[in-house]
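> Please find the sequence and the predicted model below.
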Amino acid sequence: MTVASKHRLVLASASPRRLGLLAQVGIVPDSVVPADIDETPRKFERPRDLAKRLAVAKAHAVATLPDHHGCYVLAADTVVACGRRILPKTETPEEASSCLALLSGRRHRVYGGICLITPDGRSLEGVVMTAVHFKALSRQEKEYYLRHGEWQGKAGGYAIQGHAACFVKQINGSYPNVVGLPLYEVVHLLRGNGFPVGGETPKDEG
């Protein structure tokens, strides 16, 4: 296997936010291949477990494709939860409105599941949790946010890097995790398993 193919990176995600976050730290995947999996939570499944299970399922679904043998495959999933209640990736204004009403004036948790499959087939997984505290939202603030449509397809009905940034009173933990990818943990995982990050020489090449 050549060095070029040995260090190919495949991002198993359709999220432009994850692609943008990787670009911030100088990582540009060789290809982006969304995983087609069922993301429905299981009965009584905990938010943390769901985030990890979906990240693993995405990574393995993409890694088994013929063109990806011998590549690094990175996948992630973001789950927003109030207590044990898992909030949906909102597709309608009604769903988004319900999420905003639940998040208003409360703390919630964002779980970022990550999975890296290495060229030799090892599967490395983890979950990062960030606590986010929203201010109490007025009716006008909710209506304004819903009109702009930023909630579409977002876990918990909001995007912290957009208009919802002004709703956040406090955040404890990784900010990029809430955006869609815990960068510190991802870079550590890649670097620790031979993928060159930041111009570094891979470990197995001396």
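Good, I have the coordinates. Numbering: from 1, shown residues only.
> any chance you could map the helices in this protein?
Across the chain, reading from the start of the chain, the helices by DSSP state H fall at 3-6, 16-24, 47-63, 93-103, 139-148, 175-179, 183-192.
> Please tabulate those in TSV, including the columns mean pLDDT, distance to residue 112 and mean neighbour count.
For the C-beta atoms, the positions are set from N, CA and C on the backbone; glycine is no exception. As requested, those are exported to TSV (pLDDT from 0 to 100; distance: least, Cβ to Cβ, whole Å; neighbours: other Cβ atoms under 10 Å):
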stretch	mean pLDDT	distance to residue 112	mean neighbour count
helix 3-6	43	27	12
helix 16-24	95	10	16
helix 47-63	97	6	22
helix 93-103	97	17	18
helix 139-148	95	23	13
helix 175-179	98	4	23
helix 183-192	96	8	17
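> what's the closest of the ones you listed to residue 110?
helix 175-179 (4.8 Å; Cβ to Cβ).
> Out of the helices of the chain, which gets nearest to residue 120?
The closest approach between residue 120 and any of those, judged by Cβ to Cβ, belongs to helix 3-6 at 10.1 Å.
> which residues does the most centrally placed residue in the chain contact?
Compute the mean C-alpha point of the chain, and by Cα atoms, centre = their mean the closest residue is residue 180, 3.5 Å away. By Cβ atoms under 8 Å, 6 or more residues apart in numbering, the residues touching residue 180 are 15, 17-18, 21, 76, 78, 112.
> next one: residue 99
For residue 99, the set of contacting residues under the criterion of Cβ under 8 Å, 6+ apart consists of 80, 87-88, 90, 151, 156-158.
> now the end-to-end length of stretch 26-41.
Stretch 26-41 stretches 33 Å from its first residue to its last (Cα to Cα, to the nearest Å).
> residues contacting the residue nearest to residue 24 when sequence neighbours are not counted?
Here the nearest residue to residue 24 in space, its sequence neighbours aside, is residue 183; by Cβ to Cβ, 6 or more residues apart in numbering that works out to 7.2 Å. By Cβ under 8 Å, 6+ apart, the contact list for residue 183 reads 21-22, 24-25, 174, 176.
> What's the separation between residue 187 and residue 194?
Distance, residue 187 to residue 194, by Cβ to Cβ, to the nearest Å: 13 Å.
> actually residue 39, sorry about that
In this structure, residue 39 lies at 30 Å from residue 194, with Cβ to Cβ as the measure.
> what do you get for residue 78?
Distance, residue 78 to residue 194, by Cβ to Cβ: 26 Å.
> isn't residue 161 right up against residue 179?
Yes: in this structure, residue 161 is within contact of residue 179 by Cβ atoms under 8 Å, at 5.2 Å.
> Please enumerate the shared neighbours of the two.
Among the neighbours of residue 161, those also in contact with residue 179 (Cβ under 8 Å, 6+ apart) are residue 17.
> related to what we said a few turns ago, need the max-distance pair from the contacts of residue 183.
Taking every pair in the contacts of residue 183 and measuring Cβ to Cβ, the maximum separation is 14.5 Å, between 22 and 174.
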